[in-house]
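*Asks:* fold the stuff below for me.
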Amino acid sequence: MMRLPLAACCLLSVFASCGPEGLDSDLAADPLGYDEAGVVTACGPKAAATGITASTSDTNLPANAIDGNVATRWSGLGVGAFLTVDLGSVQSLCGVSLQWYRGAERQNRFALSVSSDAVTFQQVLSTTSALSAETQSYPLVARGRYVRITVNGNTQNDWASINEVQVNAAQPPPTPGAPGTYKPSASTTGVRAGTTLTPYNTSGADLVISRDGTVLENLDIYGDIKVRARNVVIRNSRLRGGKAIPSGNTGIVDANSAEVFNLLVEDCTLTPDRPSYYRDGIVGHEYTARRNHIYRTNDGLGIFARPGGSGVANVTAEANYIHTLTYWSWDPVPSHTDGTHNDCVQIQGGANIHLIGNTIKCDQVDGVGSGPSPRGNHAGQGVLVQQNVFPVSNVVIEKNWLDDAGATLKLNNTVGGYASISAVVRDNLFGRNQYDYNVGSQYVIRLYDWSASLIDGVNQPGNTTNRWEDTKALLQVGKTLGIRYDVL
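*Replies:* Numbering: from 1, shown residues only. Next comes the predicted model:
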């Protein structure tokens, strides 16, 4: 939308024989290992137990439950007898596996609890074992150092007896490679797999950040975030935007203020609870957007130097996944009589802008109550570069995966009254799903004025470096070859 910006669970092996009842297991309330639907997403190798104690035992000692030998066991008499496993450090947990002594003959009533300090335990599961001699696994979501298994008797007597205990530690997601070495997707962007988020600012009012160095992390944040400070970090959080329609152009993260410097937004999922033609993803200057998953916004990223400022944008966008914007048949921009012109990335001017290693598939869906788009499910522009705020300089667009929209990449020298436009566009891979204007008339890379567009990697002699993703063939100038211009 063109507009001027405003000033697998990893098991820890612990097994034991017949024994007393359950541990008061302690789980800290920072669970990992489940996605937004509550499904375990990332469990890794077995967590090592550094110690184990019991509330009571006979000659079958607690250590037998973590010796890896199913022929030994821990046993203790009495309802409420428990084992406590020490993992040595606070870890993200996603399950416990138990092999019960005489498990095929009797069922055990037990509870699992977790603690970070071995003093305060939080119960996370209370259940009864199945009749089985096999190891039985019990999913959970928690964070802690100490896991307690409290046994409240069995169907035969009051003994607690466990052959082996295995604690399941959530596996951290793999660290992606350098931007441009892999294609970002929903699985490599947004909130990290297994994170439990804490609701924040649930009223949905604007969240104004005015303190330098503020860090917002592992949160489920309501409200549009207005950054008015330096060195702010927003990390590993879901960003929902405000509950009301904004009164003017803004973003779920708004970095338009003169006070913004060195903002970092990384590993966040940005999708508005209330989409609006006024609500983009991240807008402004002086920010780095890294590994974010952005969808259902009006535009994805808005990049521009602050009007009235120095003309420096200083924005890096790397390894993000931006797709499926929200179209509105009414646009507050008067010239947009055909509705919103949604852009996955809109650059409106400024120096020092770097897009590297992003997946930008610029499709769209109609907003609730909107009429249909004349372009169907194709958004406006995948990446739009123009100069209505400042001339652009030191703009580099490289190693991205780009597809869809009315034009996947458009560089427009005619806006702002500048004689030419320059940028580096190199080593990108392009799809073929652009809007068809008329029997094969599609725009992959579109230049308005060929001679006024100084685009390294596109129209400078001998340096065409952009390719089709499917065939890896170089884009060439021509109606169906990938590079087109309006004026020679």
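*Asks:* from now on I want contacts and neighbour counts done on CA atoms only, so please keep to that.
*Replies:* OK.
*Asks:* what about Ala178, how many neighbours?
*Replies:* Using other CA atoms under 10 Å, Ala178 is surrounded by 11 other residues.
*Asks:* then Leu131?
*Replies:* With other CA under 10 Å as criterion, Leu131 counts 15.
*Asks:* try Leu301
*Replies:* By the measure other CA under 10 Å, the count of residues near Leu301 is 24.
*Asks:* now do Val165
*Replies:* By other CA under 10 Å, 32 other residues sit near Val165.
*Asks:* if I pick the nearest residue to Tyr435 once chain neighbours are set aside, what's in contact with it?
*Replies:* Beyond its immediate neighbours in the sequence, the residue positioned closest to Tyr435 (CA to CA, 6 or more residues apart in numbering) is Gly406, lying 5.0 Å away. Shown in contact with Gly406 (CA atoms under 8 Å, 6 or more residues apart in numbering): Arg375, His378, Ala379, Gly380, Gln381, Gly382, Gln434, Tyr435, Asp436, Gln442, Tyr443.
*Asks:* residue contacts, the first one?
*Replies:* Remark: with contacts taken as CA under 8 Å, 6+ apart, Arg375 is in contact with Gly406, Tyr435.
*Asks:* which stretches of the stretch 251-400 of the chain form strands?
*Replies:* Assigned strands in the stretch 251-400 of the chain, in chain order: 263-266, 269-270, 279-284, 287-290, 293-295, 301-303, 312-318, 321-327, 343-347, 350-356, 359-366, 381-385, 392-398 (criterion: DSSP state E, counting those that start in this stretch).
*Asks:* could these go into JSON lines alongside mean pLDDT and distance to Leu239?
*Replies:* As requested, the strands of the stretch 251-400 of the chain are exported to JSON lines (pLDDT from 0 to 100; distance: least, CA to CA, whole Å):
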{"stretch": "strand 263-266", "mean pLDDT": "98", "distance to Leu239": "11"}
{"stretch": "strand 269-270", "mean pLDDT": "98", "distance to Leu239": "5"}
{"stretch": "strand 279-284", "mean pLDDT": "98", "distance to Leu239": "9"}
{"stretch": "strand 287-290", "mean pLDDT": "98", "distance to Leu239": "13"}
{"stretch": "strand 293-295", "mean pLDDT": "98", "distance to Leu239": "10"}
{"stretch": "strand 301-303", "mean pLDDT": "98", "distance to Leu239": "14"}
{"stretch": "strand 312-318", "mean pLDDT": "98", "distance to Leu239": "17"}
{"stretch": "strand 321-327", "mean pLDDT": "97", "distance to Leu239": "14"}
{"stretch": "strand 343-347", "mean pLDDT": "98", "distance to Leu239": "17"}
{"stretch": "strand 350-356", "mean pLDDT": "98", "distance to Leu239": "22"}
{"stretch": "strand 359-366", "mean pLDDT": "97", "distance to Leu239": "19"}
{"stretch": "strand 381-385", "mean pLDDT": "98", "distance to Leu239": "22"}
{"stretch": "strand 392-398", "mean pLDDT": "97", "distance to Leu239": "26"}
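*Asks:* okay, which residue is most central for this structure?
*Replies:* Within the chain, the residue whose C-alpha comes closest to the C-alpha centroid is Gly190; the distance, by CA atoms, centre = their mean, is 0.5 Å.
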